[in-house]
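Student: I'll drop the sequence and a predicted model, then ask my questions.
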Amino acid sequence: MDYLVFIVFLIVAFLGLISLVFGFPGTFVILADSILYGWYKGFSEITTKVILILAVLAVLGELLEFLLGILGAKKEKASNSAIVGSIICGIVGAILGAPFLLGIGSIIGAIIGAFTGAFLIDLFKRKGINQAIQSGRGALLGKVVGTITKGAIGITMITITVVSVLRN
């Protein structure tokens, strides 16, 4: 029975990891999954210390994804309103793209949305086509780097949990 529960834990953890790519808070899915497995095993393998580390990593992953998106746009001198447009359009793009390509459209939609939001806002603010493209590119790159960073943190969280279980 324990092997089956561990396999279910791994499946849910990897679903949380995959959900990161779609802009969902998958680090919190991994955290909740680890807490549930720890509870099932009486917190003998996944201790309070491990859960606290995972909680810090989950929050860090979400913050870094958000901040890297902003920093990418800021690096390319996007206006504050372009950054807000990038965030909003990135979310809308992810939602609109979700039904396509077995959910992979969500990734493409989020990236295109981030670019489009920053681009259009700075274009409408009459910053010129070159600056608008630069703002969009910065938002796009920030979104990609943020997502990759959050994915690496998700992998780290799963690794910490698995090592903790296998050690005990």
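Tutor: Everything's here; your move. Residues are numbered from 1 along each chain as shown.
Student: ok, longest helix in the protein?
Tutor: Criterion DSSP state H: the longest helix present in the chain is helix 129-167.
Student: Quick check: buried residues in it?
Tutor: 131-147, 149-151, 153-154, 156-158, 160-161, 164-165 (16 or more other CB atoms under 10 Å). Where you see a C-beta, it was placed from the backbone N, CA and C, and this is true even at glycine.
Student: mind listing the helices for the protein?
Tutor: 2-21, 26-40, 48-75, 80-97, 104-124, 129-167.
Student: elements contacting the fifth one?
Tutor: Read it as helix 104-124. Applying 3 or more CB pairs under 8 Å, 6 or more residues apart in numbering; DSSP states H and E, we find helix 104-124 packed against helix 80-97, helix 129-167.
Student: how far does that helix sit from the chain's center?
Tutor: The chain centroid and the centroid of helix 104-124 are separated by 16 Å under CA atoms, centre = their mean, to the nearest Å.
Student: Over to the third one?
Tutor: In terms of CA atoms, centre = their mean, the centre of helix 48-75 is set 9 Å apart from its chain centre.
Student: Flag every buried residue along it.
Tutor: Using 16+ other CB under 10 Å as the test for burial, helix 48-75 gives 50-51, 53-55, 57-58, 61-62, 64-65, 68-74.
Student: any idea how far Leu141 is from the nearest residue to Ile129 once chain neighbours are set aside?
Tutor: Of all residues not flanking Ile129 in the chain, Leu123 sits nearest, at 6.7 Å (CB to CB, 6 or more residues apart in numbering). Going from Leu123 to Leu141 by CB to CB, to the nearest Å gives 18 Å.
Student: would CSV of the helices and strands packed on helix 104-124 with mean pLDDT and distance to Ser34 be doable?
Tutor: Putting those into CSV (pLDDT from 0 to 100; distance: least, CB to CB, whole Å) gives the following:
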stretch, mean pLDDT, distance to Ser34
helix 80-97, 85, 25
helix 129-167, 90, 5
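Student: nearest to Ile18, of these?
Tutor: Shortest separation from Ile18 across the helices and strands packed on helix 104-124 is recorded for helix 129-167, at 9.3 Å, computed as CB to CB.
Student: angle of that closest one against helix 48-75?
Tutor: Angle of helix 129-167 versus helix 48-75, following axes from the mean of the first three to the mean of the last three CA atoms, to 10 degrees, is 170 degrees.
Student: mind listing what Gly142 touches?
Tutor: Shown in contact with Gly142 (CB atoms under 8 Å, 6 or more residues apart in numbering): Leu68, Gly69, Ile70, Leu71, Gly72, Ala73, Lys75, Ala114.
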